[in-house]
Each structure stands twice: as C-alpha cells, then as structure tokens.
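A.B. asks: what's the 3D shape of this:
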Amino acid sequence: MSGINFVRSYPLGQEYESIKECAAKLIGHYLDEDFVLLFDDAKKQVKFTSERLIPPIPSGRPRVMLLFSNPHPHSIKQGMFLSANTKNRENLFWITMRDSGWFSSPEAKRNPEYLRKMFLRVRYSGPFELCFYCYYAFPTRLPNDIRRVFGKSFFRQVIEPEARDEFRSDLNKLDVKAVVTFNKGIFNLVSEDKIERYLYRLNRGELVQCHMSGVEKEIPIFLTYPTGWRYHKEYRRLRKASFEKIKTAILQAT
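C.D. replies: Numbering: from 1, shown residues only. Predicted structure coming up:
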C-alpha cells in the first residue's frame, strides 16, 4: 500500500454478471490489475482500491480539501492522485497549482512517490495544508462511468448514500476550512445552492462559491475548472487566475 490507498468491497448479488460485463467495457485493462480492481465470481463481489490523502499530523496551516469525483485507475496503480499519464505527461492540475502559488516542489522530483510523501508530511511551502479526497471511492476512467457500471438502482441504493454519509462525517472530523472541487456535479451534490453555466462564469473571471450543506460548521466551497480542462486558447491563464482568486478568498476568510 502507498500510505494513501484503502481497499473496499461491494457485494453485488444478482447484479454481479451485468456489472462485471459493463465494467469490462468501461474500465478495460485495469480489470487485469488485481491491486486496482478484482471481481470475485465465487463471492459475487467486486474488491477495489481507492485513495485518500489526509496528512496524519496537522501542520498548523489552514486545512483545505481538494474534492474530486472519484479515483482514476491509473493514479491508483501509480500510488498518487493525478499521476502523469501513460505518456508520462504531467497533469495540468499540478502545473496550475504551482503557478498560482498553492505549493512549490523541485521539478526533478515530481514523481508519484515524491509527491505522495511530500503531501502526507506537508513538506512544501504554501499557505495551506492540502488534503485530497474522492467523493466516490470506486475508480473509473471517467466520473460518469460509475453510474454506467453499476446501473441506476445499485448506484442510488448503495454507492450514493455511502458516499454522502462518509463524506459528511469526514468533513466534520477533519477541521477543514474550505473545499475546492473540480466537478460541477459534485459541487451541486454538496453545496447549499446549485450552479449552471459555471465555465461561462469562470471564463468571465468570476469566483464560483457557496457553502457546504449537511455539515455542522459553515464551510465555503469553491468550484474551478476540471483537472484536465484545456478548451480555450487562454486556458493556462484562466485556470491560474481561478486558483489565485480562490486562494485569496480562503486566506481572507481564515
């Protein structure tokens, strides 16, 4: 285990075969990686590895949660969130976070192992202590594939309530000062108000924010661009500006 991974299982019962077949189409070769995902025909269950990075020793800095939809199987395999892709191309997320002053790290040491240890031990300069959290535990290549793999019934009856209850419980325990998410669907699930046309607003330079719902404390939540968003000729500037606005807003509130 990498220090951030944990294992979970879903008993599937009569839906086992259909879910397994759908997973084979949508998750592909990662089904051959037992560490990532394993279907057990005898027990009719799926066993999978997920990820969550929460520094075990508080640093004293304001704690900010980076909230993602669910893990990507490739990152699970590499041992760290948002690992470089199969062509070893660094995820735009890390570039944007560094450029906007959220943390710094030596360019020569940006491999998954180094980043994992750096964030677990909070050995980086920056204004915040960052924790990385996936709302849904199950790994897929695309966030919406979870519903497609399990079907509406299993998703609504098992996965959705599990995710909601665990997330709210953890958020109340972790003393989080703010949440930043990269997915409109997740933002709309956990915030007091719903948002539409958020990319239009972000491109106009707006700060998209609300407060968390269903938690004991008043915690602000911010929505920014998806981690791989590049669909604008000035995408680097826009992404950097969004992160800078969020950073300023959190610092002013803490």
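
A.B. asks: use CA for all of it now, contacts and neighbours both
C.D. replies: Noted.

A.B. asks: Please spell out which residues along stretch 246-254 are buried.
C.D. replies: 246-247, 249-250 (16 or more other CA atoms under 10 Å).

A.B. asks: how about the helices in the stretch 151-254 of the chain?
C.D. replies: 160-173, 184-190, 198-203, 235-253 (DSSP state H, counting those that start in this stretch).

A.B. asks: Give me the mean pLDDT for the third one.
C.D. replies: Averaged across helix 198-203, pLDDT comes to 96.

A.B. asks: and that helix, C-alpha only, in PDB?
C.D. replies: Output of helix 198-203 as PDB, limited to C-alpha atoms (Å, rounded to 0.1, in the frame of the first residue of the first chain):
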ATOM      1  CA  TYR A 198     -20.100  27.600 -14.400                       C
ATOM      2  CA  LEU A 199     -17.500  27.600 -17.200                       C
ATOM      3  CA  TYR A 200     -19.000  30.800 -18.700                       C
ATOM      4  CA  ARG A 201     -18.700  32.400 -15.300                       C
ATOM      5  CA  LEU A 202     -15.200  31.200 -14.700                       C
ATOM      6  CA  ASN A 203     -14.100  32.500 -18.100                       C
END
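
A.B. asks: buried residues in it?
C.D. replies: Going by 16+ other CA under 10 Å, helix 198-203 has these buried residues: 198-199, 202-203.

A.B. asks: Determine which two of the residues you listed are furthest apart.
C.D. replies: 198 and 203 (8.5 Å; CA to CA).

A.B. asks: what residues are up against the residue nearest the centre of the chain?
C.D. replies: Centrality entry for the chain: nearest residue to the mean C-alpha point is residue 68, 2.1 Å, by CA atoms, centre = their mean. By CA atoms under 8 Å, 6 or more residues apart in numbering, the contact list for residue 68 reads 132-135, 181-183, 186.

A.B. asks: want to throw these into JSON lines with distance to residue 143?
C.D. replies: Below are the contacts of residue 68 laid out as JSON lines (distance: CA to CA, whole Å):
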{"residue": "132", "distance to residue 143": "16"}
{"residue": "133", "distance to residue 143": "14"}
{"residue": "134", "distance to residue 143": "11"}
{"residue": "135", "distance to residue 143": "10"}
{"residue": "181", "distance to residue 143": "13"}
{"residue": "182", "distance to residue 143": "11"}
{"residue": "183", "distance to residue 143": "9"}
{"residue": "186", "distance to residue 143": "10"}
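
A.B. asks: burial count for residue 204?
C.D. replies: Other residues near residue 204 come to 10 when the count uses other CA atoms under 10 Å.

A.B. asks: Flag every buried residue along stretch 222-240.
C.D. replies: 222-227, 238-240.

A.B. asks: what does stretch 68-88 give?
C.D. replies: 68-84.

A.B. asks: Quick check: helices, which of the residues you listed are part of them?
C.D. replies: 73-78 (DSSP state H).
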